[in-house]
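Student: heads up, no residue letters with this:
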């Protein structure tokens, strides 16, 4: 070159040819003279200056690292980049940005070493995807980036917890053994194997067990709601453990009743007596059910075996009332019949069929009136008469065992036995006070009294000669005219309350002058006194006595004074 300028004839690469970063050039300067050219040499040192013509580069486009959770200053890896430039152009700076993760949880130093900047929680984020950037210090600035995936390694730092609490389950009695009756479920936010849960059970007196893997509660003993000392509510404690951490939760299992008992009719078999004219309910069935709750111990009664003798004559209401169906007319030939009854609960559990014997109780038959007689003042236990009665229900049974006779109201003078025989008591009857006594006799079914009839018994009291005849006055003063023959001296009145011949009297005059008089007696009890001879007034007369008597010679006497008159 004429100018002396030194020009490069090929690119000089500072980075790829370190040996050519300083070049020593020998420069020859010569003239063009003749014949000899003159020249001189000099050495020119050329130093190649670096320019920022290379990007910093990571050794690979993506990196993977792992770190144990909860370590806030862990060193993850070195992710150092290279830059072929030199000097300031090769000074690198790093930073981290987030693609899918928390960039603030990490830091990178100037050497490309990556660390955790705070504790990581695997359960919040198990994988962090980051972008690591590198920048040089040249102009223009050049950069590179690489993906860093950080996997957080789990620690057993979570305690299991139960889902869907509180636990309150119903378990029906009679559930088959070894059946699952409930289940609990716990969860652990750690990863396997730290999230693997084992269950255990305490309480329940051996009635329940638990599957230690699934949390299923298994019945191991029979449940009977109505059993003696039955436990109706079990309070258990279930524990979940991951091997290190444990959690317990209460479980309540309530035994529920089922309809597993048949009703029982408590007042059958029985016999009931009804009137042939019965109109309403005549018997009420009672029963019981062994189930423990009201919804299952309810039951209804029903007629299942109708009467053979009287089909369709009776009905049984669900509540237990037994009643005749109208029109209720019974043939006289039917004395008794029976029906079959059972009690059924809500799910078809029924009692055994029980029998109600129905005895058709017709009224006793007795005539409307009886007439008996008895003498007054008779002694006790004297038969007076018999009230006869019949009853179709007696069958071959004696009247004494079938019917009951009684005098209503009770009488002082008469009693009646269960043969219908009327007899006197120890209290005598006085005919002069009561010439007849009316009794009401009630005849009813003996021991039952469902049907009763009454009859009238009239007892006539027969007379006895038990009353002494007497004059109405204790003494009489009579006067008569002298010299009168067959003259009426006076009329005396007697009293005798007996009847018939017992009241007929005979008069007799006695005394020192009784032969001067005679008497006549009449059916009305009157006694007439007459003179038998003419009486002389001057003669002295003493009193005479008139005696009256009956056939039985009961008598009373009184003095009779007579005087002669002029």
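Tutor: Good, I have the coordinates. Just so it is clear, the model here is predicted, and its values are computed rather than measured.

Student: what is residue 345 paired to in the beta sheet?
Tutor: residue 299 (DSSP bridges).

Student: what's the local residue count around it?
Tutor: Residue 345 has 20 neighbours, counted by other Cβ atoms under 10 Å. Bear in mind the C-beta positions are built from the backbone N, C-alpha and C, glycine included.

Student: how about the strands of the stretch 51-200 of the chain, start to end?
Tutor: For the stretch 51-200 of the chain, the strands defined by DSSP state E, counting those that start in this stretch cover 62-68, 75-78, 93-100, 106-108, 113-116, 127-135, 143-153, 161-162, 167-172, 180-183, 186-187, 198-202.

Student: between those, which gets nearest to residue 454?
Tutor: Across the strands of the stretch 51-200 of the chain, residue 454 has its closest neighbour in strand 167-172 (63.3 Å, Cβ to Cβ).

Student: packing partners of the closest one?
Tutor: On a contact count with 3 or more Cβ pairs under 8 Å, 6 or more residues apart in numbering; DSSP states H and E, strand 167-172 meets strand 180-183, strand 246-256.

Student: just checking: what are the partner strands of that strand?
Tutor: Under the rule (DSSP bridges), strand 167-172 has strand 246-256 (parallel) as partners.

Student: neighbouring contacts of the partner strand?
Tutor: Where contact means Cβ atoms under 8 Å, 6 or more residues apart in numbering, the residues beyond strand 246-256 that reach it are 159-162, 165-173, 181-182, 184, 186, 204, 208, 217, 223, 225, 230-241.

Student: just the buried residues out of those residues, in ChimeraX syntax.
Tutor: Command for ChimeraX that selects the buried part of the contacts of strand 246-256, burial taken from 16 or more other Cβ atoms under 10 Å:
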select :159,160,162,167,171,173,181,182,184,186,204,208,217,223,225,234,236,238,239,240,241
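
Student: of all the helices and strands packed on strand 167-172, which lies closest to residue 123?
Tutor: Comparing the helices and strands packed on strand 167-172 under Cβ to Cβ, the one sitting nearest is strand 246-256, at 16.0 Å.

Student: buried ones in that closest one?
Tutor: Under the neighbour-count criterion of 16+ other Cβ under 10 Å, strand 246-256 has 247, 249, 251, 253, 255, 256 buried.

Student: can you name the next helix or strand after it?
Tutor: Using DSSP states H and E, the next helix or strand after strand 246-256 towards the C-terminus is strand 263-265.

Student: okay, the residue nearest to the spatial centre of the chain: pLDDT?
Tutor: Compute the mean C-alpha point of the chain, and by Cα atoms, centre = their mean the closest residue is residue 294, 3.2 Å away. For residue 294, the model assigns a pLDDT of 85.

Student: residue contacts, residue 82?
Tutor: For residue 82, the contact set (Cβ under 8 Å, 6+ apart) comprises 56, 57, 59.

Student: if you rank these by neighbours, which is first?
Tutor: Neighbour counts for the contacts of residue 82 (other Cβ under 10 Å) peak at residue 56, which has 27 neighbours.

Student: surely that one meets residue 142?
Tutor: Yes. Contact criterion Cβ atoms under 8 Å: residue 56 and residue 142 qualify, at 6.3 Å.

Student: what sits in contact with each of these two?
Tutor: Residues touching both residue 56 and residue 142 (Cβ under 8 Å, 6+ apart) are 83, 135, 136.

Student: hey, where'd the helices end up in the protein?
Tutor: 399-402 (DSSP state H).

Student: quick one: low-confidence ranges for it?
Tutor: 1, 277-278, 328-330, 332, 393, 395-401, 446-450, 538-566 (pLDDT under 70).

Student: just put the helices and strands packed on strand 167-172 in CSV and tack on distance to residue 514.
Tutor: Shown next, in CSV, are those (distance: least, Cβ to Cβ, whole Å):
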stretch, distance to residue 514
strand 180-183, 128
strand 246-256, 119
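
Student: just the buried ones among the shared contacts of residue 56 and residue 142, please.
Tutor: Those of the shared contacts of residue 56 and residue 142 that meet the buried threshold are 83, 135, 136, by 16+ other Cβ under 10 Å.

Student: so what touches stretch 440-456?
Tutor: For stretch 440-456, contacts defined as Cβ under 8 Å, 6+ apart pick out 273-276, 361-370, 387, 389, 391, 393, 400-409, 416, 418, 420, 422, 438-439, 457.

Student: cool, stretch 62-78 as well?
Tutor: 79, 106, 111-122, 132, 146-155, 157.

Student: quick one: end-to-end length of that stretch, please.
Tutor: Terminal residues of stretch 62-78 lie 12 Å apart, using Cα to Cα, to the nearest Å.

Student: return the set of buried residues in it.
Tutor: Those would be 63, 65, 67, 69, 70, 71, 74, 76, 77, for stretch 62-78 by 16+ other Cβ under 10 Å.

Student: please state the offset of it from the chain centre?
Tutor: Computed by Cα atoms, centre = their mean, to the nearest Å, the chain-centroid distance of stretch 62-78 equals 70 Å.

Student: adding distance to residue 282, write the strands of the stretch 51-200 of the chain out as a markdown table.
Tutor: Shown next, in a markdown table, are the strands of the stretch 51-200 of the chain (distance: least, Cβ to Cβ, whole Å):
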| stretch | distance to residue 282 |
| --- | --- |
| strand 62-68 | 91 |
| strand 75-78 | 99 |
| strand 93-100 | 90 |
| strand 106-108 | 97 |
| strand 113-116 | 96 |
| strand 127-135 | 88 |
| strand 143-153 | 88 |
| strand 161-162 | 63 |
| strand 167-172 | 41 |
| strand 180-183 | 50 |
| strand 186-187 | 66 |
| strand 198-202 | 59 |
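
Student: out of these, which comes closest to residue 355?
Tutor: Closest of these to residue 355 is strand 167-172, at 35.3 Å (criterion: Cβ to Cβ).

Student: contacts for the closest one, please.
Tutor: The contact list for strand 167-172 (Cβ under 8 Å, 6+ apart) reads 181-182, 184, 217, 219, 223, 238, 249-258.

Student: kindly recompute the last result at 7 Å.
Tutor: If you take Cβ atoms under 7 Å, 6 or more residues apart in numbering as the criterion, strand 167-172 is touched by 181-182, 184, 219, 223, 249, 251-256, 258.

Student: over to stretch 23-32?
Tutor: Contacts with stretch 23-32, where a contact means Cβ under 7 Å, 6+ apart, come from 6, 37, 38, 39, 40, 41, 42, 43, 44, 45, 46.

Student: now swap in stretch 143-156 and tell me
Tutor: With contacts defined as Cβ under 7 Å, 6+ apart, stretch 143-156 is touched by 55-58, 60-70, 76, 79, 81, 114, 120, 122, 125-135, 190-191, 194, 242, 244-245.

Student: do stretch 275-291 as well
Tutor: Here stretch 275-291 makes contact (Cβ under 7 Å, 6+ apart) with 226, 257, 259-261, 263-268, 272, 274, 297, 299, 301, 320-324, 328, 330, 341, 343, 345, 356, 360-362, 450-451.

Student: same thing with stretch 6-20?
Tutor: Residues from elsewhere that reach stretch 6-20, judged by Cβ under 7 Å, 6+ apart: 21, 25, 44, 48, 50, 54, 84, 85, 86.

Student: same check, this time on stretch 379-393
Tutor: Applying Cβ under 7 Å, 6+ apart, the contact partners of stretch 379-393 are 332, 335, 359, 361-362, 364-366, 370, 372, 374, 399, 402-403, 405, 414, 416, 420-426, 441, 443, 445, 455, 457, 459.
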